[in-house]
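Chemist: Here is a sequence with its predicted model. Questions after.
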Amino acid sequence: MTGKGSRDKGKRGELELVHLLTDLGFQGIRRGNVFAGEPDVMGLWPFHIECKRVEQLNLWKAMEQSREEMTRKKDGEIPVVFHRKNNQKWLLTIPEEHFGTVISAVVWYLMKENE
């Protein structure tokens, strides 16, 4: 898929991810204006979200894109890639250096929720 079809699929993937995150209870999530230099999906600080809705993904390249954009735009602290293929669920990839931060936040949230 190339050109307009590819852009449309990317846009649909970004909107799908916005709805998924909103349904999970996150507020203020919106699709970024990529032409204005924003991330694909905005509102989930401290993450710089790169969204990929493709069948064949070069995950290393996508993560590098998230890192480079985050550094250049100074709009996040943790680069992440949300990705999925057709008929599959979303996956989230985060860099190793952020495992501790993300896992600690999840554990804290779950413990708080069960109090």
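Modeler: That came through, no problem. Computed from a predicted model, the values in this text were never measured in an experiment.
Chemist: what residue lies at the spatial centre of the chain?
Modeler: Of all residues in the chain, the one closest to the mean position by Cα atoms, centre = their mean is residue 49, 3.2 Å from it.
Chemist: got the residue ranges for the helices in this protein?
Modeler: Per DSSP state H, the chain carries helices over the ranges 3-23, 59-73, 99-113.
Chemist: Looking at the ones you listed, which is nearest to residue 35?
Modeler: Between residue 35 and these, the shortest gap by Cβ to Cβ is with helix 3-23, which sits at 11.1 Å. All C-beta spots, glycine's among them, are computed from the backbone N, C-alpha and C.
Chemist: Report the mean per-residue pLDDT for stretch 75-95.
Modeler: Across stretch 75-95, pLDDT averages out at 93.
Chemist: Please identify the buried residues of that stretch?
Modeler: Of the residues in stretch 75-95, those with enough neighbours to count as buried (16 or more other Cβ atoms under 10 Å) are 75-76, 78-84, 93-94.
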